[in-house]
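Asker: Structure here, sequence nowhere to be found:
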Ligand SMILES: Cc1ncc(C[n+]2csc(CCOP(=O)(O)OP(=O)(O)O)c2C)c(N)n1
């Protein structure tokens with residue numbers, strides 16, 4: 001069901017704020033990963049502001065839903081959204097990547113509340129999420145494990161071992177969202193190592209598969225809600241292949257591999273913020 005007008009505006013405003021924050025943080029540190037942060041803005045916005053149960057004042061609440069951000073370089077987005085969700089104030093986000101700052105270039109669960117797993121070495125998030133899903137089921141918790149995967153890390157063997165084990169253990173409490181922005185560190189995924197047909201590959205590994213426009217808030221929400229019922233009814237892990245654009249929202253960053261791990265300079269920041277309005 002589509003969001004009502006008020007909720008849709010609220011979510012769109014959050015997305016815009018997050019994009020601004022991503023640009024300012026990477027500009028301030030003159031480093032970091034804007035492209036893959038910008039592509040996943042809508043995905044995490046729907047999770048944090050329309051779907052997940054969590055308590056920012058009690059980050060370790062045992063019954064919380066858990067999000068594993070497997071693309072651990074997307075920290076400008078991760079820290080910005082955790083601040084917005086109330087885990088911390090975030091008025092020091094511009095210390096991003098400085099020595100002594102809690103906001104390191106890759107996620108560190110011991111430094112930033114709300115980060116469930118330290119990631120950054122690609123291919124570790126999916127195994128962690130599978131372990132969490134198993135553990136939560138053993139503890140008879142009614143929560144859900146969400147997992148943000150990148151397409152580049154589907155080239156890691158450990159990811160597929162975990163995908164295989166998730167269906168073996170019938171983890172109906174696991175929803176993966178794949179940020180299918182088609183670009184990895186230095187090129188297109190299909191030129192580096194073919195991933196397609198991703199949907200058939202997941203299906204062959206026993207997962208339920210949906211595909212959405214990863215910048216359409218309604219589509220993302222509907223697909224996530226569907227995984228909640230299908231997963232449990234069919235005892236199947238679910239994946240949502242979210243078709244996204246790396247660098248989304250900034251004309252000169254969109255679909256441009258250069259912006260994987262390069263920060264905007266003064267002039268580029270000004271132009272990007274102007275575009276966002
Ligand atoms: C095991 C491992 N190998 C290499 C890297 C270096 N690296 C950082 S990001 C990246 C790929 C980025 O592409 P993708 O994973 O698709 O992320 P996104 O496009 O969503 O930002 C690589 C190879 C890494 N972090 N971990």
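Answerer: On my side now, so go ahead. Since the model is a prediction, treat every value here as computed from it, not as a measurement.

Asker: how many neighbours does residue 120 have?
Answerer: For residue 120, the neighbour count with other Cβ atoms under 10 Å is 18. To be clear about C-beta, it is placed using only N, CA and C from the backbone, and glycine gets the same treatment.

Asker: Nearest to the ligand: which residue in the stretch 101-250 of the chain?
Answerer: Across the stretch 101-250 of the chain, the shortest distance to the ligand (Cβ to the nearest ligand atom) belongs to residue 152, at 2.7 Å.

Asker: Which residue, neighbours along the chain excluded, lies closest to that residue?
Answerer: Using Cβ to Cβ, 6 or more residues apart in numbering and skipping the chain neighbours, the partner closest in space to residue 152 is residue 184 (3.4 Å).

Asker: Residue 222 too?
Answerer: Nearest one to residue 222, counting by Cβ to Cβ, 6+ apart, is residue 1 at 7.2 Å.

Asker: Show me where the stretch 1-150 of the chain has its strands.
Answerer: For the stretch 1-150 of the chain, strands defined by DSSP state E, counting those that start in this stretch occupy the ranges 66-69, 145-150.

Asker: what helices or strands is the next helix or strand after the last one leaning on?
Answerer: Using DSSP states H and E, the helix or strand that follows strand 145-150 towards the C-terminus is helix 157-168. Taking 3 or more Cβ pairs under 8 Å, 6 or more residues apart in numbering; DSSP states H and E as the contact definition, the neighbouring helices and strands of helix 157-168 are helix 125-138.

Asker: The helix it packs on to helix 157-168, inter-axis angle?
Answerer: Orientation check (axes from the mean of the first three to the mean of the last three Cα atoms, to 10 degrees): helix 125-138 against helix 157-168 gives 30 degrees.

Asker: got a list of contacts for helix 125-138?
Answerer: The contact list for helix 125-138 (Cβ atoms under 8 Å, 6 or more residues apart in numbering) reads 66, 68-72, 116-117, 119, 143, 145-149, 153, 158-159, 161-163, 165-166, 169, 171, 173-174, 176, 237.

Asker: For that helix, buried residues please.
Answerer: Buried residues in helix 125-138, defined by neighbour count with 16 or more other Cβ atoms under 10 Å: 125, 126, 127, 128, 129, 130, 132, 133, 134, 136, 137.

Asker: starting at the chain centroid, how far to that helix?
Answerer: Averaging C-alpha positions (Cα atoms, centre = their mean, to the nearest Å) puts helix 125-138 17 Å from its chain's average.

Asker: Check stretch 75-82 too.
Answerer: From the chain centre to the centre of stretch 75-82 is a distance of 10 Å (Cα atoms, centre = their mean).

Asker: what's the answer for stretch 205-221, then?
Answerer: With Cα atoms, centre = their mean, you get 13 Å for stretch 205-221.

Asker: Could you point out which of the strands of the stretch 1-150 of the chain sits nearest residue 210?
Answerer: strand 145-150 (14.1 Å; Cβ to Cβ).

Asker: would a markdown table of the strands of the stretch 1-150 of the chain with mean neighbour count be doable?
Answerer: As requested, the strands of the stretch 1-150 of the chain are exported to a markdown table (neighbours: other Cβ atoms under 10 Å):
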| stretch | mean neighbour count |
| --- | --- |
| strand 66-69 | 26 |
| strand 145-150 | 27 |
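
Asker: Could you dump these into TSV and include distance to the ligand?
Answerer: Below are the strands of the stretch 1-150 of the chain laid out as TSV (distance: least, Cβ to the nearest ligand atom, whole Å):
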stretch	distance to the ligand
strand 66-69	11
strand 145-150	3
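
Asker: My read is that residue 203 contacts residue 211, right?
Answerer: No. Look at residue 203 against residue 211 with Cβ atoms under 8 Å: they stay out of range, at 11.7 Å.

Asker: before we move on, back to that, would you format the strands of the stretch 1-150 of the chain as JSON lines with mean pLDDT included?
Answerer: Compiled in JSON lines, the strands of the stretch 1-150 of the chain are given as follows (pLDDT from 0 to 100):
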{"stretch": "strand 66-69", "mean pLDDT": "98"}
{"stretch": "strand 145-150", "mean pLDDT": "98"}
